[in-house]
Each structure stands twice: as structure tokens, then as C-alpha cells.
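In: Mind looking at a prediction? Sequence and model below.
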Amino acid sequence: MPRKTDVTDAQRADALFELRALARVAESGSMSAAARALGVQVSTVTRAVQRVEERLGVHLFVRSTHGVAATEAGRAYAAHVAHWLAAEDALRDELAAMRGAGRGTLRVTMPVFVAERILPAVAARFLREQPDARLDVHASDDVRDVVREAFDLAIRMGPLPDSTLRGRRVASFRRVVCAAPALLAAHRAPREPAALAELPCLLYGSGASAVAWTFRKATGERARVEVHGPVRSNNLELLVALAEAGLGVAWLPDWAVRESIARGRLARLLAAWSHEPERARPALYAVHAADPGKERLRRSFLAALEDATRRGGIDPA
């Protein structure tokens, strides 16, 4: 139950109608003409004007058999009301245009590595398709509060943690085990997952999966290894750099280390054990609050993101 001091949506609508009725009466000098313009009964307009006068404690119109005439206070008040209503209508039109025509600024938060590796292609297509839009991108490996910080969209790696947000699985990705040639020169390359327990490993993320690495062969054989290492981080770029420096074995998304492997800075390990079922793979999610605003911009951005992940060799969801 709302408190007596609360203003309900119905009360706001009534107050707005009263102001529109008053403006029509002042413009036409007639209650009946105002009623026709608004599509309501004359009595409805009369009561609306009376309620405004009662709230203000002044007479805004003088009634006669020939119609109504605004008092000095009525003329001053009606002029302010007309100006306010014009601004209100213009704002409503602008907001409707933003929703329908792809205008406005889309505030997006995403991990740093995703911003650096994937965003350029996404932004190019998005801004080409939505030339009147703007992007406000916050690259951070921390999980930002979408609602409190007023983000229109958040791109996250991993499952959706908050059921109050709407989530969409954009893509999944395979993980590969890799290490720098310098590390492999100092340690024997592992032939089985169990050997990873004897090697320094670089841990990605903060959950239990960071230290419990799971593998699967094409035959269905599975293995689970508890690993340890000198560094744990939620920053992919840092872990790739540390792996290239020979500080540990990494188990990272294939798209994050593809270039490093191609250039020989990292070597892939345990390739036969990289057959994770799709449902078990880490995923890229897009989440947003249950707010219809900027829906067209969101759809356009997500279409560009899905296209960029496909072109980048990330499996579509």
C-alpha cells in the first residue's frame, strides 16, 4: 500500500491532464471547446480546472454565459503551463525517437581483454549501422554494478550471477593448455593432465575452477587436476604475458592465446585432452537490467558482438 505522501502514476497522469485542460481553456476561452479538443466531457474539464484553482488558492478564470476569461493570475499561470507542456512534449518525442531511431549513448562495461581484442570490430560495425549513437565503454576486469552504475549493457565471462538481470549467452570458447618454450626447457612437457600438479600454473579467476582444471578426451575419458602456481588473476592479458615470460603453465581461452601460439611465444600442450563438451565451456554473456530503454542500440551492439566473435574464431552460443 502506498503511503499518503506517495504520488502514484494515476495521480501524475491526472495532474498532467489537469494542466493540459487548463492550457486548452486559456487558449480557446471555452470549456466546451477545450473538452472537444481533449475528447472528454465538459464537466471533466470543468472539474480539472477547479482542482488546479483549489490547489493554487486563486481564481484562474472568470466564468460567464459567454465563456471564460483568464484572470491576470490565470494568464500568467497558463503561460508557464504552456511553456512546460511544450517542453514535456518535445522531451517525449525525443525519447521516442531515441528508442526508435537508434540515438543516444550506449554505456557498456566489459573485461579489458575483450575490449582490446574484440571491441574494435564490434564498435566499427555498430557505429556504421547506428551513426547517431555513441559508445561509452568501461573496460574493467571487476564485475560492475549494472543498475547502480547505470550501464545499458555488461559483457561478462562466466555464468550470470544475478537473476535480477537479463542474460544472453553470446558465445562459448575452448580452453587450451599452453606454456612458454623457456618453461618447457626447464621442465618436462606434461603428457597427461596429472603432470600439471607438479608444474607452476597460472590461475585465471577467483572461483574453485581456477585451481581445479578439468579435461576430456574425444573418447570421453575425463581427468581433474588440482593445480597451484605463483599468480592468480582475473586479467587475461596479464596471464598471457606471464605465460609468455615462462612463469607458469596457463589454461586460457583459445582466442586469447592464438596469436602467441602462432608466433611461437607459447606452445600448446595436452591437445588430445581439449574436447570439452559445449555446455561445459566458459562463455561470454551479455547482461542488462530489465529496462526497455535503448533496446534497439542493445540489439545492434549484440549483433555486432556475435559477428565479431564468429569472425574471431569463438564458437557462437
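Out: Arrived safely.

In: Show me what the residue nearest the centre of the chain bridges to in the sheet.
Out: Centroid-nearest residue in the chain: Leu153, 0.9 Å away (criterion: C-alpha atoms, centre = their mean). Leu153 forms beta bridges with Val108, as assigned by DSSP bridges.

In: Contact partners for it?
Out: 106-109, 286-288, 298, 301-302 (C-beta atoms under 8 Å, 6 or more residues apart in numbering). Placement of C-beta: from N, CA and C, glycine included.

In: My read is that Phe126 contacts Leu302, right?
Out: No: counting by C-beta atoms under 8 Å, Phe126 stays clear of Leu302, with 9.4 Å between them.

In: who has more neighbours, those two?
Out: Between Phe126 and Leu302, counting by other C-beta atoms under 10 Å, Phe126 is the more crowded of the two (23 against 18).

In: how close does the residue nearest to the centre of the chain get to Gln11?
Out: 34 Å (C-beta to C-beta, to the nearest Å).

In: and what of Arg279?
Out: With C-beta to C-beta as the criterion, Arg279 and Gln11 are 50 Å apart.

In: On the pLDDT front, check Asn235 for me.
Out: We have a pLDDT of 88 for Asn235.

In: Identify the residues contacting the closest residue to it other than its chain neighbours.
Out: Of all residues not flanking Asn235 in the chain, Asp141 sits nearest, at 4.9 Å (C-beta to C-beta, 6 or more residues apart in numbering). Asp141 makes contact with 111-113, 234-235 under the criterion C-beta under 8 Å, 6+ apart.

In: For the longest helix along the chain, name the packing helices and strands.
Out: For the chain, the longest helix by residue count, based on DSSP state H, is helix 72-101. The contact analysis (3 or more C-beta pairs under 8 Å, 6 or more residues apart in numbering; DSSP states H and E) places helix 72-101 against helix 9-28, helix 295-311.

In: you'd agree Ala304 is up against Leu127?
Out: No: look at Ala304 against Leu127 with C-beta under 8 Å: they stay out of range, at 9.1 Å.

In: what's the burial count for Glu53?
Out: Quick note: Glu53 (other C-beta under 10 Å) scores 18 neighbours.

In: Quickly note the distance from Thr65 to Ser30.
Out: Taking C-beta to C-beta, one finds Thr65 at 12 Å from Ser30.

In: With distance to Gly167 and mean pLDDT as added columns, please give the helices and strands packed on helix 72-101 in JSON lines.
Out: Output for those, formatted as JSON lines (distance: least, C-beta to C-beta, whole Å; pLDDT from 0 to 100):
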{"stretch": "helix 9-28", "distance to Gly167": "29", "mean pLDDT": "84"}
{"stretch": "helix 295-311", "distance to Gly167": "12", "mean pLDDT": "89"}
